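K.L.:
Could you look at this predicted model? Sequence included:
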Amino acid sequence: AVYKPQRKYKRQSVAEKLLDEESKVHATLLEYGSFTDNFLRYGFSRQGKIEKAEDKKMVLPTGLASTGKNDAYSDDDLQAAEELRIKTLMTEMAAMGTEESRLTASTVGQIVGLQSDEIKQIVSEYAEKQSGLSAEERPERLGAVQQHRRKLASLNKQILQKTKLLEELQTKCVDLQAGCNEAKKTLNEIKNYTEKLGKEVAALETVESQADSSVLQKLQALVAMNENLKSQEQEFRSHCREEMARLQQNIESLKAEAAENGEEKEPTKIIDQQYKVEREKLQKIRLLLARRNREIAILQRKIDEVPSRAELTQYQKRFIELYGQVSATHKETKQFFTLYNTLDDKKVYLEKEVNLLNSIHDNFQQAMASSSAREQFLRQMEQIVEGIKQNRMKMEKKKQENKMRRDQLNDEYLELLEKQRLYFKTVKEFKEECRRNEMLLSKLKANLP
């Protein structure tokens, strides 16, 4: 506190305004009483005084200027001019009181708090200028090594500041890159989800276009009704909860009042009766809601059981394919049975023929031995020939009958083919009429208000 600088003088407001920086510095030092004691004691070097006098073109008083020494000044002349200048500045000063010359801690705190950033910037600029001025004004006092150290320290300080700034920028860049990657990832997820939803919507639109429009409209109406009933159920439940909370609060308040008044039995009975009535109402509403839900479920199952037009067409195609396969298998089986029966009949007739030839061969020698045996053998042969002719006639008759039956079945088959063609034509016309009917109904519904 002993060596703390104190302001002794204050420059008057009516004084002339100072223009150059050196005069402002001198005036400030004079206000604190430091210029006359220290500055004049040590002063500038001779070379510094001559350089400052030459650079700044310092104006000397008229008494010294009349001597005609404008090119080179002596030390005594410069010292006299400096003393005269100090005296001129001192005449513009006024003494300050002890209380006025001190700055309180609160005042300093307000100044620092208001312009702390500007003060820091000015202090750093002042330190840089001061170091530059000291290096320029007193080159003979500072050695080359010390100047190099100061410049090196200044450069190191700047390098540290720039390095710190670079690290901060790199950190911000990493954070921004991470945020950018996260945003890109989120964008890709949203795009994939959007594509998935688009595919599902397209599939649903395809199914909707293939389905029956009337059934689809009924289904949409039932789904909307179901959603509406669900929302009404939720609202009703929330309303019931609020009503129950209100009634319980009323019950509690009534119990409290009855306890205070000593009349608890009669209000409790009334509250119990009201509670039972409300509970019965709630039970009835729940039963009604359950019945409605069952009806909706039954209708939903019925709607699901009714196949659409696309399903019916698919079923028809599958049944036609199955019928074709069964018909081909049946035809092949019948051909196998016919072939088997034909071969079996052929085998029977061949066996009979072999047996007949064997008996003729065996009995031929004996029959030729006598005339009576020969005649008997000839009669037997005639009988056998007659039997073969009769069998042949029967087979011819059976063949004609089968041929007639084949022709009859062929005619029936042609009639059935004609009926089938007529059926397919009728079905096609019916489908076309149904489509036209649906179009007309949709136009009629669209025109209705």
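P.N.:
Thanks, I have it.

K.L.:
ok, longest helix in this structure?
P.N.:
helix 371-447 (DSSP state H).

K.L.:
tell me the average confidence for that helix?
P.N.:
When pLDDT is averaged over helix 371-447, the result is 90.

K.L.:
Numbering from 722 from now on, please.
P.N.:
Right, with 722 as the first residue, what we last looked at is helix 1092-1168.

K.L.:
Check which helices and strands it sits against.
P.N.:
Judged by 3 or more Cβ pairs under 8 Å, 6 or more residues apart in numbering; DSSP states H and E, helix 1092-1168 is in contact with helix 934-982, helix 1030-1088. C-betas here are computed from N, CA, C, even on glycine.

K.L.:
any idea how far residue 939 is from residue 1029?
P.N.:
12 Å (Cβ to Cβ, to the nearest Å).

K.L.:
So for the residue nearest the centre of the chain, what's the pLDDT?
P.N.:
Relative to the mean C-alpha position of the chain, the nearest C-alpha, by Cα atoms, centre = their mean, is the one of residue 911, at 3.4 Å. Looking at residue 911, its pLDDT is 93.

K.L.:
Just the element for it, please.
P.N.:
helix 865-931 (DSSP states H and E).

K.L.:
Please compute how far that helix lies from its chain's middle.
P.N.:
20 Å (Cα atoms, centre = their mean, to the nearest Å).

K.L.:
helices and strands around it, which ones?
P.N.:
Checking 3+ Cβ pairs under 8 Å, 6+ apart, helix 865-931 ends up next to helix 837-858.

K.L.:
Quick one: mean pLDDT over the helix it packs on.
P.N.:
Mean predicted lDDT for helix 837-858 stands at 63.

K.L.:
tally of neighbours for residue 963?
P.N.:
Counted with other Cβ atoms under 10 Å, residues neighbouring residue 963 total 10.

K.L.:
now it: how far from residue 1016?
P.N.:
Taken as Cβ to Cβ, the span from residue 963 to residue 1016 is 28 Å.

K.L.:
again with residue 918
P.N.:
For residue 918 relative to residue 1016 (Cβ to Cβ), the value is 33 Å.

K.L.:
Compute the inter-axis angle for the longest helix of the chain and helix 934-982.
P.N.:
60 degrees (axes from the mean of the first three to the mean of the last three Cα atoms, to 10 degrees).

K.L.:
Helix 1092-1168 vs helix 1030-1088, what angle?
P.N.:
180 degrees.

K.L.:
Then residue 797 would be within a helix, right?
P.N.:
Yes - residue state for residue 797 (DSSP: H, G, I helix; E, B strand; the rest coil) corresponds to a helix.

K.L.:
since we're on it, how many residues are nearby?
P.N.:
8.

K.L.:
Next: residue 799.
P.N.:
20.

K.L.:
Next one: it relative to residue 809, how far apart?
P.N.:
16 Å.

K.L.:
who's in contact with residue 1044?
P.N.:
For residue 1044, the contact set (Cβ atoms under 8 Å, 6 or more residues apart in numbering) is empty.

K.L.:
which of the helices and strands packed on helix 1092-1168 has the lowest average pLDDT?
P.N.:
The lowest average pLDDT among those, as it happens, falls on helix 934-982, at a mean of 85.

K.L.:
hmm, back to that, please render the helices and strands packed on helix 1092-1168 as JSON lines that adds distance to residue 881 to the earlier fields.
P.N.:
Listed next are those as JSON lines, based on distance: least, Cβ to Cβ, whole Å:
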{"stretch": "helix 934-982", "distance to residue 881": "66"}
{"stretch": "helix 1030-1088", "distance to residue 881": "79"}
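
K.L.:
Minimum distance to residue 1141: which of the ones you listed has it?
P.N.:
Among these, helix 1030-1088 comes nearest to residue 1141, with 11.3 Å by Cβ to Cβ.

K.L.:
quick one: the closest one to helix 865-931, angle?
P.N.:
Going by the same axes, to 10 degrees, helix 1030-1088 makes 60 degrees with helix 865-931.

K.L.:
Provide the secondary structure category for residue 731.
P.N.:
Per three-state DSSP, residue 731 ends up strand.

K.L.:
Go ahead and confirm it touches residue 753.
P.N.:
No - judged on Cβ atoms under 8 Å, residue 731 makes no contact with residue 753 at a distance of 10.7 Å.

K.L.:
burial measure for residue 751, as a count.
P.N.:
When neighbours are counted by other Cβ under 10 Å, residue 751 comes out with 20.

K.L.:
any idea which element it lies in?
P.N.:
Counting by DSSP H and E, residue 751 is part of helix 742-752.

K.L.:
Report the buried residues of that helix.
P.N.:
747, 748, 750, 751, 752 (16 or more other Cβ atoms under 10 Å).

K.L.:
what about that helix, distance to the chain center?
P.N.:
On Cα atoms, centre = their mean, the centre of helix 742-752 falls 70 Å from that of its chain.

K.L.:
From the contact counts, what lies against it?
P.N.:
Packing partners of helix 742-752 (3+ Cβ pairs under 8 Å, 6+ apart): strand 730-732, helix 796-812.

K.L.:
among these, which is the most enclosed?
P.N.:
strand 730-732 (a mean of 16; mean count of other Cβ atoms under 10 Å).

K.L.:
Using CSV, write down the CA coordinates of stretch 1149-1169.
P.N.:
Taking C-alpha atoms only, stretch 1149-1169 is exported to CSV below (Å, rounded to 0.1, in the frame of the first residue of the first chain):
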residue,chain,number,x,y,z
LYS,A,1149,-68.3,-64.6,-70.1
GLU,A,1150,-71.3,-62.5,-70.9
PHE,A,1151,-72.5,-62.7,-67.3
LYS,A,1152,-69.1,-61.4,-66.1
GLU,A,1153,-69.2,-58.6,-68.6
GLU,A,1154,-72.7,-57.6,-67.4
CYS,A,1155,-71.6,-57.8,-63.8
ARG,A,1156,-68.7,-55.5,-64.5
ARG,A,1157,-70.9,-53.1,-66.3
ASN,A,1158,-73.4,-53.2,-63.4
GLU,A,1159,-70.6,-52.4,-60.9
MET,A,1160,-69.5,-49.5,-63.1
LEU,A,1161,-73.0,-48.1,-63.3
LEU,A,1162,-73.5,-48.5,-59.5
SER,A,1163,-70.2,-46.7,-58.8
LYS,A,1164,-71.2,-43.9,-61.1
LEU,A,1165,-74.7,-43.7,-59.5
LYS,A,1166,-73.1,-43.5,-56.0
ALA,A,1167,-70.7,-40.8,-57.1
ASN,A,1168,-73.5,-38.7,-58.6
LEU,A,1169,-75.7,-39.0,-55.5
